[in-house]
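Chemist: test case, fold it:
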Amino acid sequence: MPPLSNTRPKAGDEVVALRQHVDRRMASLRDERLSYWNHWRELSEHILPRRGRFLQSPNQANRGDSRNQKIIDSTGTLAARTLASGMMAGITSPARPWFRLTAAGGLTDNQAVKQWLDDVTKRMLHVFAKSNFYNALAVMYEELGVFGTAAMVILDDPVDTIRCHPLTVGEYFLSNSPRLSVDTLYREFALTVGQVVGQFGLDACSSTLRGLHQSGQLDREVMIGHAIEPNDTQVLDDPTFRGMAWRSVYWEINGGQTQVLARRGFNEFPVCAPRWHLVGNDVYGRSPGMDALGDVKALQIEQKRKAQAIEKMVNPPMVADVSMKNQPATLLPGGVTYLPGSAAGIGFRPVYEVTPPIQGLVEDIREVQQRINQAFYADLWLMISQLDTVRTATEIAERKEEKLLMLGPVLERFHAECLSPAVHRTFAIMTRTGQLPPPPTPKLLPHIQVEYISMLAQAQKATATGSIERLASFIGSIAGSHPAVLDKIDFDEAVDEYADMLGVPPKIVLPSDQVAALRQARVRQAAQQQAIATNMALAKGAQTLSNINVGGGQDTVQAQGGLR
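Modeler: Alright, predicted model coming up:
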């Protein structure tokens, strides 16, 4: 469909054209997503059965049904949970800072700029903590690890500043920009009649929905469509939704083909849509769950066969003489079955003796479980608990850093596609609502950057910090015999670089000008103390000389003409 006209058509024509556009594009995005849809559904059935929306319809009567009928061994589900928990603790732990704001162009040399950036970072972390941001991330980590793609919408909230809406696979559609980054999200979801009227107003609803509302069917559900995409009809300097960079449209999917519920807009793209791994220009990602799906399915079969083998061992099928038909018989422990004398040698006996290789089956199941855990990086997150012997803290740290580097590409993509959009979106909302102090210089805002200092991010920087430590250790080992080598190192710069890599708050490390002033004051104080000590030594020496009698009633000082 060609871009909508910028000539401000009549409201009715504009709405009709917009409705036709969103209907056509959702149908196109649905066709593009179809090949992933079947794979996601299989992943949901075998790993996360309560996730995903695959056959959406309003007022589903089977929402509470048991959906884990295909899961006998829950290793895959538990491994996905471990992955999500490990990523939450390692990337965005609520218990410690995981990002900080910095500035390019040498502006961070200014202490006032450093203090402002640190203050803004703390305020943003507070907003994330009091909102549902971390709860939404926990959902996203599971979705990302199993389905390879996750999505979340961040909206303004008058109470908590932001409100995050994590989406589940199957209810949304994505599209890439020419730069291969997600810039479009369509979704379909169910709302009750009362929710639709409360959110959009009765006048915006279709005649069908108004009739349901007037008849009191407030809990009847209807399917709603929502589109967030670049605003190709943007009118610059327009203060309404028409002037915003992204367009937001809500409509009833099965009602009112010529109307929409609401037209809104965003100044920033409000969607975070990370992908685990991409190939070429794919929109949806590949995941550890996809890699482990074959093992997960095989594990269910093996566990079922093992259970059948054990069942046949402890409760085998039996054979009996025909004369015992319709006669009292029991297989219970301690039970007695009475037989006629002629049949004493027959009795009950197993049809066949079952001696399956249970041990070999158990070992193979253990290997499959290990492969599933490796696919979900469970050996990384639970490394310490799985060590067979007690290790030193240094060895544990090195082993952990080595394994964390395996997640380097995933971590960089998650930073770029999820955390950076979330931080920029929250920063913009807090700026518009007046929750941030004015910057010390107007030139600062265009140069603000986000630096991540989580446990995983710092593991990637461990090589750089380790090189500084090794250099300092080497210099210290030879400084005793060659003190001049200390002149080769700028220790102040080394401290600044090391603290910067570790993400140390700027209040802890003093700026260079303040350090120079302290050192000058220390030099002056030392000089004053030296002068006082010299004067005291001279005075003491003079007193000592005055007490020495050199004869003739004169002391040493008088003899030298010092005192008369």
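Chemist: contact partners of the strand or helix carrying Lys114?
Modeler: For Lys114, the host element (DSSP states H and E) is helix 111-130. For helix 111-130, contacts defined as C-beta atoms under 8 Å, 6 or more residues apart in numbering pick out 94, 97, 99-103, 107-108, 133-134, 160-162, 423, 426-427, 430, 435-437, 439-441, 444, 448, 505-507, 511, 513-514. Quick note: C-beta positions are derived from backbone N, CA and C, even for glycine.
Chemist: just stretch 250-268 next, same as before
Modeler: By C-beta under 8 Å, 6+ apart, stretch 250-268 touches 15-16, 18-19, 22-23, 188, 196, 200, 204-209, 222-226, 228, 231, 240-249, 421, 424-425, 428.
Chemist: ok, and for that stretch, which residues are buried?
Modeler: 250-253, 255-256, 259-261, 263, 265-266, 268 (16 or more other C-beta atoms under 10 Å).
Chemist: show me which of the contacts of stretch 250-268 are buried.
Modeler: Neighbour-count burial (16+ other C-beta under 10 Å) is assigned, among the contacts of stretch 250-268, to 15-16, 18-19, 22, 188, 196, 200, 204-206, 209, 222-226, 228, 231, 241-242, 244, 246-249, 421, 425.
Chemist: separation between Trp37 and Tyr284?
Modeler: Distance of Trp37 to Tyr284, computed by C-beta to C-beta, to the nearest Å: 10 Å.
Chemist: give me the more crowded residue out of those two.
Modeler: Neighbour totals were compared for Trp37 and Tyr284, and Tyr284 leads with 23 against 15 (other C-beta atoms under 10 Å).
Chemist: make sure that one is indeed in a strand.
Modeler: No - secondary structure of Tyr284 (DSSP: H, G, I helix; E, B strand; the rest coil): coil, not part of a strand.
Chemist: show me what contacts it?
Modeler: Contacts of Tyr284 by C-beta under 8 Å, 6+ apart are Arg33, Tyr36, Gly148, Thr149, Leu174, Arg275.
Chemist: now, among those, which is nearest to Gly289?
Modeler: Set against Gly289, the nearest of the contacts of Tyr284 by C-beta to C-beta is Gly148 (7.2 Å).
Chemist: surely the closest one touches Pro274?
Modeler: No - Gly148 sits out of contact with Pro274 when judged by C-beta atoms under 8 Å, with a separation of 9.6 Å.
Chemist: overlap of the contact sets of these two?
Modeler: Shared contacts of Gly148 and Pro274, defined by C-beta under 8 Å, 6+ apart, are found at Gly285.
Chemist: where does the prediction get shaky in the stretch 201-350 of the chain?
Modeler: Scanning the stretch 201-350 of the chain for pLDDT under 70 picks out the ranges 324, 333-350.
Chemist: try it again at 50.
Modeler: By pLDDT under 50, the stretch 201-350 of the chain has no low-scoring segment.
Chemist: surely Phe173 touches Arg33?
Modeler: Yes - between Phe173 and Arg33 there is a contact under C-beta under 8 Å: 5.6 Å.
Chemist: looking at the two, which is more packed in?
Modeler: Phe173 (23 against 19).
Chemist: partner residues bridging the more buried one?
Modeler: Phe173 has these beta-bridge partners by DSSP bridges: Tyr186.
Chemist: for it, list the residues it contacts.
Modeler: By C-beta under 8 Å, 6+ apart, the residues touching Phe173 are Met26, Leu29, Arg30, Glu32, Arg33, Leu185, Tyr186, Arg187.
Chemist: so for it, what's the pLDDT?
Modeler: In this model, Phe173 is scored at 96, pLDDT.
Chemist: and if you look at Met455?
Modeler: The confidence metric pLDDT takes the value 78 at Met455.
Chemist: filter the buried ones among the contacts of stretch 250-268 down to the ones in helices?
Modeler: Of the buried ones among the contacts of stretch 250-268, the ones assigned to helices by DSSP state H are Val15, Val16, Leu18, Arg19, Val22, Val196, Phe200, Leu209, Pro421, Arg425.
Chemist: part of a strand, is Gly265?
Modeler: Yes - in this structure, Gly265 lies within a strand as judged by three-state DSSP.
Chemist: measure it to Leu29 for me?
Modeler: Distance from Gly265 to Leu29, counting by C-beta to C-beta: 20 Å.
Chemist: with Ala150 instead?
Modeler: Noted for Ala150: a distance of 17 Å to Leu29, by C-beta to C-beta.
Chemist: more crowded one of these two?
Modeler: Taking neighbours as other C-beta under 10 Å, Ala150 and Leu29 compare with Ala150 leading, 30 against 19.
Chemist: where's that one relative to Asn68, distance?
Modeler: 21 Å.
Chemist: any idea how many residues pack against Trp116?
Modeler: Per other C-beta under 10 Å, the neighbour tally for Trp116 reads 21.
Chemist: that should have said Leu361, apologies.
Modeler: Counted with other C-beta under 10 Å, residues neighbouring Leu361 total 16.
Chemist: how about it, phi and psi?
Modeler: Main-chain torsions, Leu361, degrees, to the nearest 10: phi -70, psi -40.
Chemist: tell me the contacts of it?
Modeler: Taking C-beta under 8 Å, 6+ apart, we find Leu361 in contact with Glu302, Arg305, Lys306, Ala309.
Chemist: I'd like to know which of these are buried.
Modeler: Buried subset of the contacts of Leu361 (neighbour count, 16+ other C-beta under 10 Å): Glu302, Lys306, Ala309.
Chemist: the second one is in contact with Gln359, isn't it?
Modeler: No - in this structure, Lys306 sits apart from Gln359 without contact. The criterion is C-beta under 8 Å, and the distance is 10.7 Å.
Chemist: where do the helices sit along the stretch 401-550 of the chain?
Modeler: For the stretch 401-550 of the chain, the helices defined by DSSP state H, counting those that start in this stretch cover 408-414, 420-432, 455-479, 491-502, 512-546.
Chemist: redo those helices as JSON lines? Include distance to Gly86.
Modeler: Formatted as JSON lines, those follow (distance: least, C-beta to C-beta, whole Å):
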{"stretch": "helix 408-414", "distance to Gly86": "12"}
{"stretch": "helix 420-432", "distance to Gly86": "20"}
{"stretch": "helix 455-479", "distance to Gly86": "9"}
{"stretch": "helix 491-502", "distance to Gly86": "21"}
{"stretch": "helix 512-546", "distance to Gly86": "39"}
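Chemist: among those, which is nearest Asn373?
Modeler: Asn373 lies closest to helix 408-414 among the helices of the stretch 401-550 of the chain, at 17.0 Å (C-beta to C-beta).
Chemist: now do that closest one: which elements does it pack against?
Modeler: Secondary-structure packing of helix 408-414 (3 or more C-beta pairs under 8 Å, 6 or more residues apart in numbering; DSSP states H and E): helix 455-479.
Chemist: mind doing that once more with 10 Å?
Modeler: On a contact count with 3 or more C-beta pairs under 10 Å, 6 or more residues apart in numbering; DSSP states H and E, helix 408-414 meets helix 75-91, helix 133-147, strand 448-452, helix 455-479.
Chemist: output that helix as CSV, nothing but the C-alphas.
Modeler: Below are the C-alpha coordinates for helix 408-414, written out as CSV (Å, rounded to 0.1, in the frame of the first residue of the first chain):
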residue,chain,number,x,y,z
GLY,A,408,29.0,-12.5,24.4
PRO,A,409,27.1,-12.2,21.0
VAL,A,410,23.7,-12.8,22.8
LEU,A,411,24.6,-10.2,25.4
GLU,A,412,25.5,-7.5,22.8
ARG,A,413,22.3,-8.2,20.9
PHE,A,414,20.2,-8.0,24.0
